[in-house]
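Visitor: Any chance you could fold what I've pasted below:
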Amino acid sequence: MAVRVRLTDGALGGMVRAPFTPGCGARIMFDGVVRPEEDGQGITGLEYEAYRPMAEQQLERIGQELVEQHGLISMNIEHSIGFVPNFACSFRLVIESAHRKEGLRAMDAFIDRLKQDVPIWKCAK
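Guide: Residues are numbered from 1 along each chain as shown. Below is the predicted model of the structure:
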C-alpha cells in the first residue's frame with residue numbers, strides 16, 4: 001500500500017506509464033484541467049499557492065487513510081503550484097486497486113477531501 005505525493009511548479013507533464021503493480025485489476029487516472037472560464041469570466045489560467053509542508057502532509061494523510069479504508073494497492077497524487085495555463089493539467093490522481101469499484105469510490109472521496117482539507121489555494125488570472 002504505497003502513497004506517493006508530489007507538488008510541482010507549473011503544469012503537470014504528460015502521463016508516465018508505469019508497469020502495473022502485482023494484484024492490480026484497475027488503474028484509475030484523473031486529470032484536473034484548467035478551464036478557460038472561472039465564475040463566468042474568461043481567464044488565462046490559474047495561480048496556485050500552498051503551504052507546502054502542511055499540504056504535502058495532508059495529501060499523504062488523506063491518501064493513506066483512503067488506501068487503508070478502501071483496500072487499495074497504491075495512490076499517486078500530484079498537484080501544481082504556481083501558474084497553470086488554460087487546458088493544462090494542474091492535478092493528477094492515479095489509483096491502483098484490485099477492482100474498479102473501490103478505486104472509483106476512493107477517487108471521489110479523495111477529491112472531496114482535497115478541496116476541503118488541503119491548504120492549496122487558487123486565483124484566476
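Visitor: C-alpha only now, for contacts and for neighbours.
Guide: Noted.
Visitor: Any idea how many residues pack against Ile77?
Guide: 20 (other Cα atoms under 10 Å).
Visitor: in stretch 107-124, what's buried?
Guide: For stretch 107-124, the buried set under the neighbour-count rule, 16 or more other Cα atoms under 10 Å, comprises 107, 110, 114, 118-120, 124.
Visitor: what does that stretch rub up against?
Guide: By Cα atoms under 8 Å, 6 or more residues apart in numbering, the list of residues contacting stretch 107-124 from outside reads 38, 43-51, 54-55, 58-59, 62-63, 66, 93, 95.
Visitor: what mean pLDDT would you report for the lengthiest strand in the chain?
Guide: When the chain is parsed with DSSP state E, its longest strand is strand 74-85. For strand 74-85, mean pLDDT rounds to 96.
Visitor: If you average pLDDT per helix and strand, which one of the protein comes out bottom?
Guide: strand 37-38 (a mean of 87; mean pLDDT, DSSP states H and E).
Visitor: How about residues contacting that one?
Guide: 43, 124.
Visitor: Just checking: what are the partner strands of that strand?
Guide: strand 41-42 (antiparallel) (DSSP bridges).
Visitor: Measure how far the partner strand is from the centre of its chain, please.
Guide: 25 Å (Cα atoms, centre = their mean, to the nearest Å).
Visitor: one step back: contacts for the longest strand of the chain next, please.
Guide: Contacts for strand 74-85 (Cα under 8 Å, 6+ apart): 1-12, 34, 44-50, 59, 63, 67, 90-97.
Visitor: Among those residues, name the buried ones.
Guide: Here, 16+ other Cα under 10 Å leaves 3, 5, 7, 10-12, 34, 44-48, 50, 59, 63, 67, 90-97 buried among these.
Visitor: Strands - which of those land there?
Guide: Those of the buried ones among the contacts of strand 74-85 lying in strands (DSSP E): 3, 5, 7, 45-48, 50, 90-97.
Visitor: phi, psi of Arg113?
Guide: phi -70, psi -40 (degrees, to the nearest 10).
Visitor: measure it to Gln58 for me?
Guide: In this view, Arg113 and Gln58 are 10 Å apart by Cα to Cα, to the nearest Å.
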